[in-house]
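[1] Curious how this folds, go ahead:
(2 chains)
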Amino acid sequence: MAVKTTFNFDQMLSSAREAYGEELFRMAEEGIDFVFTYTDNVAPSSSAGKLLQKYPERCFNFGIAEPNQVGAAAGLALSGLTVFSQVFGPFLSLRAADQIHTDIAYNDVNVRLIGTHSGLTAAGGPTHNTIADLALYRAIPNLTVCVPADADQCCKIIRKSMEFKGPMIIRIDRGGSPNVYEGDYEYQIGKAIETLPGTDLSIISAGSSVYWSMMAAKILKDKHGISARVIDMHTVKPMDTEMLLKCANETGNIVTVEEHSINGGIGGAVAEYLLEAGFNGKFKRIGLPDEFALLGDPDEVYKYYKMDPQGIADQVVALLK
Amino acid sequence: MHNYNIDLEMVKELEDKCVKIRKDLLNFIYRIGMGHLGGELSIVEMCVALYYKYMNYDIKNPGWEERDRLVLSKAHCSETLYTIFSDMGAYTMDYMVEHFETLETAVFGMHSNRLYCPYIEVSAGSLGHGLPIAVGLALGARKQKKNWRTFVITGDGELNEGTNWEALMAGSHYELGNLVCICDKNQVSMTGFTRDVMNIDPLGERIKAFGWDVYEVNGNNMYEVCEVLQNLPPAEPEYRRKPIFIIANTVKGQGVDFMEGDYKWHGGGIAKEELDLALISVEKSRRVR
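    Sure, this is the predicted structure:
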């Protein structure tokens, strides 16, 4: 698929965290039928706040009680409605895990859970980091997991989800992140996108890490003559294994980058699949190591754990030595 | 309660139905070898009154959009519902036995699944999930301006789970007059008396403090069960009022003298000799008016 991507660092940061609300508002304006449940972190001034103000009859605040909210979202869906349900990422994945498993996935309801502030992006330390959610979601059957690479893709996922049957989680990480894509393109749930061609290795990533991976690829090319392919694996489950095989066959070496623990997330999924498929190239998972992240501004934390573009490039160089 | 005009003939018919359901249930558990008889026997009167009389429900059309919904939150007691559906004509007892946890042909399980058994509203099993889901159903009915009512049956031990209290808050916050929670207060959980395991009393005062209207009845007395269900306020979706909480004081193992109040009958099977004695005991419990 030919997609246009951007490399403009100076562009305005767009925010998937805001974009989901804007898209829901647009959909409501178009007369598309759905309801919205949310926690006590959706400010009236936010884009989702516009939805609350203009369409209060379809919005339900559940306060600070994530399990009840997710359970009630299942109930709303069982009554015949399509439900979007926004929850703070860490508390969605850990506190409401039982409800996601049983009320949403096992009951097979049309709920789209939107986990905002995922990864390290909420700042505030490990209580507010979302580092184990993908590991949990991956192990729950009947759950589709999408991780938008930028604000525009987030809108595409939100809109596509209206035609989608069954439970879905949309994991939104950074609040502000550059656009990966320029202009319109065809988005398909479950179909990964090559955002940058390359021949020496493939970087498999999702969420805002896609952009940082592309920046890393630029450093690799400019400074080290390494040609890195970058893949936007926006649907983490079910994963596009055809794309994985293609990358393994064509570039040999594989690196994964994600805003998640290196255990159980995208890196784990890719490793599990490729090992069973007979892959024997070099492989590296980049993400948070198996420790509670140090306290600091997220930008500093990314650097510390070598998840920023330079850190990713350094780790790739070390791997390919 | 204001309407005392309960038809005694109807009460008697429902009581007789309870005797039949208890016997069918015991036979079913004997044949499949595993159940939760204590809690399954304690909810018989409530379930019979709801399905045979007070819920809008058509067994021939379980997907009927206008039906009242019943969420069995204490889903380990699903065999009571399976037995009632069978008696209502959904399928035979043999079919239940032949499709109980039989892998690819399974329709029934210890904990019910709505995708396998279409008469079940919610797949459940993990405790503390029913009331939040029921809050969502009631909100959904209001949003769609539907007149159906949502009932949810919880256990009393189950109320230890914090999600119930989150949902109690939400139920009164949204003034869900179309929501009725029935707590099967049989006083006994898996390992002993609830008051010793984790005390939930004074339950009525606590629920009232959360903004619900509380009614307390003998949940094994059909007359009292009918009285409270007959006098529910209307379920018009936009009618905002306090949700209803019915404390149904029941006896775990009700109807079988050697099971009554004994936590050892929380879960397990029943031997042939015990079954014979249990069936005699249930027949003896038949109320003669």
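[2] Let me see the contact set for the spatially closest residue to A:A139 that is not a sequence neighbour.
    Nearest residue to A:A139, sequence neighbours excluded (CB to CB, 6 or more residues apart in numbering or on different chains): A:G264, at 7.9 Å. For the C-beta atoms, the positions are set from N, CA and C on the backbone; glycine is no exception. Under the criterion of CB atoms under 8 Å, 6 or more residues apart in numbering or on different chains, the neighbours of A:G264 are A:132, A:134-136, A:138-139.
[3] How confident is the prediction for A:R174, by pLDDT?
    pLDDT, A:R174: 72.
[4] Quick check: residues of the stretch 1-150 of chain B near chain A?
    Taking CB under 8 Å from any CB of the partner chain as the test, the list of the stretch 1-150 of chain B residues beside chain A reads B:65, B:69, B:113-115, B:121-126, B:128-129, B:131-141, B:143-144, B:146.
[5] returning to that earlier point: now the contacts of A:G264 in TSV, with secondary structure?
    Formatted as TSV, these follow (DSSP: H, G, I helix; E, B strand; the rest coil):
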residue	secondary structure
A:A132	coil
A:L134	helix
A:A135	helix
A:L136	helix
A:R138	helix
A:A139	helix
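[6] Show me how to select, in PyMOL, the buried members of the residues you listed.
    Applying 16 or more other CB atoms under 10 Å in any protein chain shown to these, the buried members can be selected in PyMOL as follows:
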select buried, chain A and resi 132+134+135+136+138
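[7] and which of the contacts of A:G264 is nearest chain B?
    Of all those, A:L136 has the smallest distance to chain B: 15.2 Å, by CB to the nearest CB.
[8] Test my guess that that closest one contacts A:A96.
    No: taking contacts as CB atoms under 8 Å, A:L136 lies outside contact range of A:A96: 10.3 Å.
[9] can you pull the pLDDT of whichever residue of the stretch 151-300 of chain A sits closest to chain B?
    Of all residues in the stretch 151-300 of chain A, A:G166 sits closest to chain B, at 11.4 Å by CB to the nearest CB. The confidence metric pLDDT takes the value 96 at A:G166.
[10] For it, give me phi and psi.
    phi 110, psi 180 (degrees, to the nearest 10).
[11] The closest residue to it other than its chain neighbours: what's it in contact with?
    On the basis of CB to CB, 6+ apart, the spatially nearest residue to A:G166 that is not a chain neighbour turns out to be A:D108, at 5.8 Å. With CB under 8 Å, 6+ apart as the criterion, the residues that contact A:D108 are A:142, A:166-167, B:115.
[12] Mind giving me the PyMOL select for the residues you listed, buried ones only?
    Selecting only the buried members of the contacts of A:D108 in PyMOL, with burial defined as 16+ other CB under 10 Å, works like this:
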select buried, chain A and resi 167
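[13] Report the closest residue of chain B relative to chain A.
    Sorted by distance to chain A under CB to the nearest CB, the residues of chain B start with B:G136, at 2.1 Å.
[14] How is A:S85 assigned, secondary-structure-wise?
    For A:S85, the secondary structure call by three-state DSSP comes out as strand.
[15] Isn't it up against A:F36?
    Yes: counting by CB under 8 Å, A:S85 sits close enough to A:F36 to count as a contact (7.5 Å).
[16] ok so, going back, the residue of chain B closest to chain A sits in which helix or strand?
    Secondary-structure element containing B:G136, defined by DSSP states H and E: helix B:130-143.
[17] Following the chain past that helix, name the next helix or strand.
    From helix B:130-143, the next helix or strand downstream (DSSP H and E) is strand B:150-155.
[18] now the longest helix belonging to chain A: how far from the chain's centre is it?
    Among all segments of chain A classified by DSSP state H, the helix with the greatest residue count is helix A:209-224. Remark: helix A:209-224 is offset 19 Å from the chain centroid, using CA atoms, centre = their mean, to the nearest Å.
[19] What helices and strands are in contact with the strand of greatest length in chain A?
    As far as residue count goes, and with DSSP state E defining each element, the longest strand of chain A is strand A:253-261. Packing partners of strand A:253-261 (3 or more CB pairs under 8 Å, 6 or more residues apart in numbering or on different chains; DSSP states H and E): helix A:133-139, strand A:201-205, helix A:209-224, helix A:241-251, helix A:266-276, strand A:283-288, helix A:309-320.
[20] ok, now with 6 Å
    Of the remaining helices and strands, those touching strand A:253-261 by 3 or more CB pairs under 6 Å, 6 or more residues apart in numbering or on different chains; DSSP states H and E are strand A:201-205, helix A:209-224, helix A:266-276, strand A:283-288.
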